[in-house]
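[1] kindly return the folded structure for what I paste below:
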Amino acid sequence: MSIFKLDINHWLDMDKWYLRYMEDKANVLSKYGREYCDWIPGESDDACQELLDMVVDHLTKRYPSLFRRTAIGVDNLVTGESMDLRTPLAEHPLHLLARLAKEDFYIVKQRADGQHYLVAACVPGPGGFFGVREKMGKPLDAIHTEVPYYFEKLKVSMERWFARMKPNDPVERASWFICWDHELLCNGIYALGPGERVPADTSYLKYNVRVCRQTLRRLPQSQAIIFSNHPIFYSIEEMKDEPFVPSMLKKVVLEGPEKILKYKGFEKFDDHLIPYLDRLIQRQIDMGIIKADDPLKTRPAYPFADWYDPAEKHTGRGYTNPIFLREGATAPQP
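    Got it, this is the predicted structure:
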């Protein structure tokens with residue numbers, strides 16, 4: 001599953017887009033309610049409460065200037081909201097979580113039959129077609145029905161890996177696709193109908209790589225597994241000087257496995273995007289960033305080759321998004 005050990009300091013991230021995420025999540029939940037935030041009463045209660053406690057503990061310790069514990073709960077100093085966390089809670093824990101963390105959360109529990117089932121989820125920003133209500137109470141097989149190659153390659157190993165997962169072994173991974181907007185609920189690529197393609201006049205400057213940063217960890221008390229998802233948008237234009245990034249995007253869009261290409265909707269924009277990527281590739285060759293005969297491979301530094309300093313990996317500075325650090329750089333506008 002291409003997973004990495006999670007540095008727990010970076011379980012829940014904060015960045016300049018925090019308020020935008022909070023506003024979008026509130027709008028989705030207000031409009032759609034339990035379609036994107038649902039739970040199974042009784043079976044999920046302990047896990048939802050434990051997750052809320054863990055998130056509050058993490059945020060107040062990791063970001064003490066942004067979140068502060070009070071005698072009755074927690075203050076969100078970014079939004080100005082004070083939360084009363086005394087039990088019984090006035091609201092469901094998932095609703096409170098949605099106003100604290102940018103991440104979407106899925107809660108999975110193992111039942112007597114050995115399979116893992118979705119018992120609660122708050123997912124205001126899936127980016128595509130994931131509806132919580134239709135997946136609630138379903139096993140992993142049903143949740144991953146649309147995922148390419150799940151049954152052929154992932155099904156058995158995923159169930160076994162979930163069963164063995166320990167609370168002190170959190171991991172992270174990333175999934176990505178290409179879009180031309182910053183919509184959290186449903187990006188434009190998934191709004192296109194069968195046979196539709198991205199409009200020919202779409203500006204290349206709008207194209208983004210939407211990276212869904214995902215983490216998995218087991219709660220120590222309820223033993224539920226928590227899957228979190230946090231979308232991050234990287235403008236392709238802003239990444240044009242990252243060695244091999246345009247080349248790797250082109251290779252994946254044109255040569256990826258057929259089912260993956262269809263699942264990610266690459267067929268809806270490939271003929272429009274490839275000429276742009278070709279120009280960026282030639283630009284890197286002309287500037288000496290890469291050579292035309294260089295073997296195409298991922299750079300050894302993670303995730304960007306020209307900014308990550310291993311000496312900084314324990315300070316937090318090495319993880320700052322370079323797009324917003326470079327002199328004169330402009331953040332992509334939503």
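
[2] buried residues of stretch 283-303, list them for me.
    284, 289, 290 (16 or more other Cβ atoms under 10 Å). Quick note: C-beta positions are derived from backbone N, CA and C, even for glycine.

[3] again with stretch 79-87
    83, 85.

[4] roughly how far out does that stretch sit from the chain middle?
    26 Å (Cα atoms, centre = their mean, to the nearest Å).

[5] now the end-to-end length of it.
    Stretch 79-87 has an end-to-end distance of 23 Å (Cα to Cα, to the nearest Å).

[6] go on, stretch 72-83?
    End residues of stretch 72-83 are separated by 8 Å (Cα to Cα).

[7] show me how far it is from its chain's centre.
    24 Å.

[8] pull the CA atoms of stretch 194-212 into CSV?
    Taking C-alpha atoms only, stretch 194-212 is exported to CSV below (Å, rounded to 0.1, in the frame of the first residue of the first chain):
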residue,chain,number,x,y,z
PRO,A,194,-19.6,10.1,-19.1
GLY,A,195,-17.8,11.2,-22.2
GLU,A,196,-17.3,14.8,-21.1
ARG,A,197,-13.9,16.3,-21.1
VAL,A,198,-12.3,19.3,-19.5
PRO,A,199,-13.2,22.5,-21.5
ALA,A,200,-10.6,23.3,-24.1
ASP,A,201,-10.2,26.9,-22.8
THR,A,202,-9.3,25.8,-19.3
SER,A,203,-6.1,27.7,-18.3
TYR,A,204,-3.1,25.5,-17.6
LEU,A,205,-2.4,27.7,-14.6
LYS,A,206,-5.5,26.2,-12.9
TYR,A,207,-4.2,22.6,-13.0
ASN,A,208,-3.4,21.2,-9.6
VAL,A,209,-2.2,17.9,-8.2
ARG,A,210,-4.6,17.1,-5.3
VAL,A,211,-2.6,15.0,-2.8
CYS,A,212,-4.8,13.3,-0.2
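
[9] quick one: buried residues of it?
    198, 202, 206, 207, 208, 209, 210, 211, 212.

[10] which residues touch the residue nearest to residue 13 when sequence neighbours are not counted?
    Nearest non-adjacent residue to residue 13, counting by Cβ to Cβ, 6 or more residues apart in numbering: residue 230, 6.3 Å away. Residues near residue 230 by Cβ atoms under 8 Å, 6 or more residues apart in numbering: 12, 13, 102, 103, 104, 212, 213, 214.

[11] can you put the buried residues of stretch 194-212 in CSV and add distance to residue 26, pLDDT and secondary structure?
    Formatted as CSV, the buried residues of stretch 194-212 follow (distance: Cβ to Cβ, whole Å; pLDDT from 0 to 100; DSSP: H, G, I helix; E, B strand; the rest coil):
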residue, distance to residue 26, pLDDT, secondary structure
198, 29, 92, coil
202, 29, 92, coil
206, 25, 93, helix
207, 28, 95, coil
208, 23, 94, strand
209, 26, 94, strand
210, 21, 93, strand
211, 23, 92, strand
212, 20, 92, strand
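
[12] give me the mean pLDDT for stretch 10-19.
    The average pLDDT within stretch 10-19 is 92.

[13] do the same with stretch 113-131
    Mean predicted lDDT for stretch 113-131 stands at 89.

[14] ok, so of the buried residues of stretch 194-212, who is nearest residue 255?
    Nearest to residue 255 among the buried residues of stretch 194-212, counting by Cβ to Cβ, is residue 209 at 17.0 Å.

[15] can you pull the contacts of the closest one?
    176, 177, 178, 233, 234, 236, 239, 249 are the contacts of residue 209 under Cβ under 8 Å, 6+ apart.

[16] 7 Å - rerun?
    176, 178, 234, 236 (Cβ atoms under 7 Å, 6 or more residues apart in numbering).

[17] do the same with residue 161
    Counting by Cβ under 7 Å, 6+ apart, residue 161 has no contacts.

[18] tell me the pLDDT of it.
    87.

[19] residue 73 versus that one, what's the distance?
    36 Å (Cβ to Cβ, to the nearest Å).

[20] residue 204 now?
    47 Å.

[21] for residue 134, same thing?
    33 Å.

[22] can you check residue 105 too?
    Taken as Cβ to Cβ, the span from residue 105 to residue 73 is 19 Å.

[23] with neighbour numbers in mind, choose between these two.
    residue 105 (23 against 15; other Cβ atoms under 10 Å).

[24] the more buried one belongs to a helix?
    No: Residue 105: not assigned to a helix; according to DSSP: H, G, I helix; E, B strand; the rest coil it is strand.

[25] identify the residues contacting it.
    51, 97, 121, 122, 226, 228.

[26] the stretch 101-250 of the chain: strands as residue ranges?
    104-110, 116-122, 171-179, 208-218, 225-235 (DSSP state E, counting those that start in this stretch).
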